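S.K.: fold the following, please.
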Amino acid sequence: MQSEDPTISRYLNGDYAEKNPDWDSGDSGWKAANVARILSDHGLAPNDVVEVGCGSGAVLVALRHLMPEANYFGYDIAPAAESFWAAPVAQGIRFELADFHATTRRKADAILLLDVLEHVGNPWDFLTGLRDRADHLVLHFPLDLSVSSVLREKPLLHVRDKVGHLHFYTKGLVLALMEECGYDVIEARFTGASLNSPNRGLKTKIMGLMRRAIFMLDRDFGARLLGGETLMVLARPRGGT
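M.R.: Numbers count the residues shown, from 1 in each chain. Next comes the predicted model:
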């Protein structure tokens, strides 16, 4: 008998839900605003938006208010996520408890992968499997990897245990991953998470003063040195229009 994949077991057996009972929904409005902004800045107004790894669906709810013309669909493999979906469904958002890669859903205008690829065992297979599934991808990456986090190590071990981050990224590593998986990156922008996200702790706010000064000199260097950044990426399959 084949053993259960340990990289996804925490989402199937309720471990993730136990450690994150609100499904990390507090930043959903902020994430949705960043998604809407990067699409708008590039003149994109997708009709069908699919979020893979949608969790509670709170991002889709927020996006529906920002981009009401679109149709929204959410997919997740975690049974515990379903308990959040009743209200979004009432607002016209459709959900499916399924591995999106195994579905036969038609091609979407845009697929959202928001804080997803750091969780999956094989992000290369995950990304390459989506190349024919959407015209554009919007991705959000926490940039956990920095000089500060490596020296202390505890922050990396914390996010590995609490929220299941298996892979750690810098901006350069994100761009390399997208290139390797056959995508053209239209834009990769820092979000200023440590300076403007709504759920910052006291330590993050204090460190924000130092980060702000260094970011003014060199944003990329500051993120690699002190961390505290996330990256929003707009990409399309190579050869797409």
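
S.K.: beyond the lowest-mean-pLDDT helix or strand in the chain, next helix or strand please.
M.R.: The least trusted helix or strand in the chain, going by mean pLDDT, DSSP states H and E, turns out to be helix 202-217, with a mean of 66. Where DSSP states H and E defines the elements, the next helix or strand beyond helix 202-217 is helix 219-226.

S.K.: count the neighbours of E82 for me.
M.R.: 14 (other C-beta atoms under 10 Å). Where you see a C-beta, it was placed from the backbone N, CA and C, and this is true even at glycine.

S.K.: just how off-centre is stretch 21-40 within its chain?
M.R.: 9 Å (C-alpha atoms, centre = their mean, to the nearest Å).

S.K.: same thing with stretch 30-49?
M.R.: With C-alpha atoms, centre = their mean, you get 14 Å for stretch 30-49.

S.K.: what's next to that stretch, contact-wise?
M.R.: 59-60, 62-63, 66-67, 69-73, 108-112, 114, 135-136, 138, 140, 186-187, 189, 191, 196-198, 232, 234 (C-beta atoms under 8 Å, 6 or more residues apart in numbering).

S.K.: may I have the distance across it, first residue to last?
M.R.: 17 Å (C-alpha to C-alpha, to the nearest Å).

S.K.: what's the answer for stretch 99-113, then?
M.R.: Start-to-end, stretch 99-113 (C-alpha to C-alpha) is 13 Å.

S.K.: likewise stretch 77-95?
M.R.: Stretch 77-95: ends 11 Å apart by C-alpha to C-alpha.

S.K.: residue numbering should commence at 7 henceforth.
M.R.: Taking 7 as the first residue, the last one we looked at is stretch 83-101.

S.K.: what residues does that stretch touch?
M.R.: Everything outside stretch 83-101 that qualifies as a contact, by C-beta under 8 Å, 6+ apart, is 14, 17-18, 20, 22-23, 29, 31, 60-64, 66-67, 70, 77-82, 103-105.

S.K.: give me the buried positions along the helix or strand that contains V156.
M.R.: Here V156, judged by DSSP H and E, is contained in helix 153-158. Buried residues in helix 153-158, counting neighbours by 16 or more other C-beta atoms under 10 Å, are found at S155.

S.K.: next, find the distance separating the residue lying closest to T13 once chain neighbours are set aside from R166.
M.R.: What sits nearest to T13 in space, not counting adjacent residues and going by C-beta to C-beta, 6 or more residues apart in numbering, is G127, at 3.5 Å. Using C-beta to C-beta, to the nearest Å, G127 is found at 13 Å from R166.

S.K.: now swap in K37 and tell me
M.R.: For K37, the distance to R166 - C-beta to C-beta - is 21 Å.

S.K.: which one's more surrounded, the two?
M.R.: K37 (25 against 15).

S.K.: tell me the pLDDT at the closest residue to P148 other than its chain neighbours?
M.R.: Using C-beta to C-beta, 6+ apart and skipping residues adjacent in sequence, the residue nearest P148 is T236, 5.1 Å away. T236 carries a pLDDT value of 95.

S.K.: got it, and P12?
M.R.: 86.

S.K.: same question for N205.
M.R.: 66.

S.K.: same question for L103.
M.R.: On the pLDDT scale, L103 gets 97.

S.K.: the one 10 residues further on too?
M.R.: Here the pLDDT value assigned to K113 is 95.

S.K.: quick one: contacts for it?
M.R.: Contacts of K113 by C-beta under 8 Å, 6+ apart are D138, R139, A140, D141.
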